[in-house]
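[1] below is the sequence, then the predicted model.
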Amino acid sequence: MTPEQKRILELETEVAYLKSIIVQLLEKIDNLTHPKNSRNSSVPPSQDQNRGFKNKSLRTSKGRKIGGQTGHEGNTLKMVEHPDEVVEHKPDFCCECGKDLSNIPSELLGRRQVVDIPPIHPIYTEHRVYKKTCSCGHCTTSDFPLGVNTSISYGANIEATIAYLHTRQYLPYERMSEFFKDFCNVPISQGSISNLLERFAQKSQASYDLIAKVVENSVVVGTDETGVKVNGKKGWFWTWQSKDATYISYSPSRGTVTINNNFANGFPKSVLVHDCWASHFQTNCQTHQICTAHLLRELNFFEERYKSKWAENFKSILLNALELQKNTTTIQEFENRRA
């Protein structure tokens, strides 16, 4: 190879390298100029490098006034016809001359009610068992009621409240313990709360399995996962939801191992609706569908980045379909109205 040919080869190699650098820089400039975020793509909020504008919400104006709409059922506080307690306020003397009015008939002018809850005081119920000796000489003893297994235990109402505060209100053990001590005057340790919840979990396992079966056999199933910290460690709450049931499971993994552990067969009869997370695409199902919210975000990006008329039209179709579905009366609703 001549020196000239060698030099040409070196220059060609350098040009190819510089071209690759230029492509990478152009892509980086494009990403910085038109960043993807949680409002215009499937990027989760935790990975937003540049937050989208606050006014880039997927919601659009419907031309309605702010506040409750016509026909909306409110929750206005209403008076009851038969109050639990009545406090009468009658004048005892004339505020003009001071004359005694206690024996003069009064006329009701109006009434107002205050709704409140009574102070909470624990009720201790003692169960006693006895024995009796028959004339035949046999000794018969009574038994403690079912569930009264120790010398002192928490009652069904306390157990149910703990389950409610934990499962529905998501209160941590420390705050539940504080609530019972300060509000209910019942000291209960975090360890006792944990034990009670463990017993509830064992009792509800059959119902939990039934919920999973209902979801698995549904025609349409929506799924998602969200990050959560348990004992200071990052984990994930997974959700699978059908029209009739919702199944929730905690897992330290965001991968397919969680899906397989909860639904080994997948959803062979279902349309699985989800975001663009790769694990969902690996789930066995009849077919996959990207959720409408994520589709709208992706279309927002195409509109912002490429001024795409197709994306604008497609988004309009989706929004019109959602509005049509909202205002459409189902056959069941129609039959119920006729009845």
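    Happy to help now that I have it. Residues are numbered from 1 along each chain as shown.

[2] show me where pLDDT drops low in this structure?
    Scanning the chain for pLDDT under 70 picks out the ranges 34, 38-64, 67-74, 330-335, 337-339.

[3] and the strands in it?
    Along the chain, the segments classed as strands by DSSP state E run 131-133, 139-141, 220-230, 233-241, 246-251, 267-274, 285-290.

[4] most tightly surrounded among these?
    Across the strands of the chain, averaging neighbours per residue (mean count of other CB atoms under 10 Å) puts strand 267-274 on top, at a mean of 18. Just so you know, the C-beta spots here come from the backbone N, C-alpha and C atoms, and that holds for glycine as well.

[5] could you pull out the helices for the stretch 151-300 of the chain?
    Remark: helices assigned in the stretch 151-300 of the chain by DSSP state H, counting those that start in this stretch are 156-167, 173-182, 190-216, 256-262, 278-281, 292-306.

[6] same for the second one, what does it pack against?
    Right, the one you point to is helix 173-182. Counting contacts by 3 or more CB pairs under 8 Å, 6 or more residues apart in numbering; DSSP states H and E, helix 173-182 is packed against helix 156-167, helix 190-216.

[7] hey, which of those helices is tucked in deepest?
    Mean neighbour count (mean count of other CB under 10 Å) peaks for helix 156-167 among those, with a mean of 15.

[8] run through who's touching that helix.
    Outside helix 156-167, the residues that touch it by CB atoms under 8 Å, 6 or more residues apart in numbering are 147, 171, 176, 179-180, 184, 186, 188, 193, 196-197, 199-200.

[9] switch the cut-off to 7 Å
    171, 176, 186, 193, 196, 197, 200 (CB atoms under 7 Å, 6 or more residues apart in numbering).

[10] so which of the strands of the chain is nearest residue 36?
    Nearest of those to residue 36, taken as CB to CB: strand 285-290 at 15.4 Å.

[11] okay, the closest one in CSV with CA atoms only?
    What follows is strand 285-290 as a C-alpha-only set of coordinates in CSV (Å, rounded to 0.1, in the frame of the first residue of the first chain):
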residue,chain,number,x,y,z
CYS,A,285,-52.9,-13.5,27.1
GLN,A,286,-55.3,-13.5,24.2
THR,A,287,-54.0,-10.1,23.0
HIS,A,288,-52.4,-7.0,24.4
GLN,A,289,-53.7,-3.4,24.4
ILE,A,290,-51.8,-0.3,25.4
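
[12] residue 305: neighbour count?
    Using other CB atoms under 10 Å, residue 305 has 15 other residues around it.

[13] contacts for stretch 279-294, please.
    So stretch 279-294 is contacted by 42, 58, 222-223, 254-256, 259, 265-276, 318, 322 (CB under 7 Å, 6+ apart).

[14] repeat that for 6 Å
    For stretch 279-294, the surrounding residues in contact (CB atoms under 6 Å, 6 or more residues apart in numbering) are 42, 255-256, 259, 266-267, 270-275, 318.

[15] most widely separated two among those?
    Spatially, the most separated pair among the contacts of stretch 279-294 is 255 and 318, at 30.0 Å (CB to CB).
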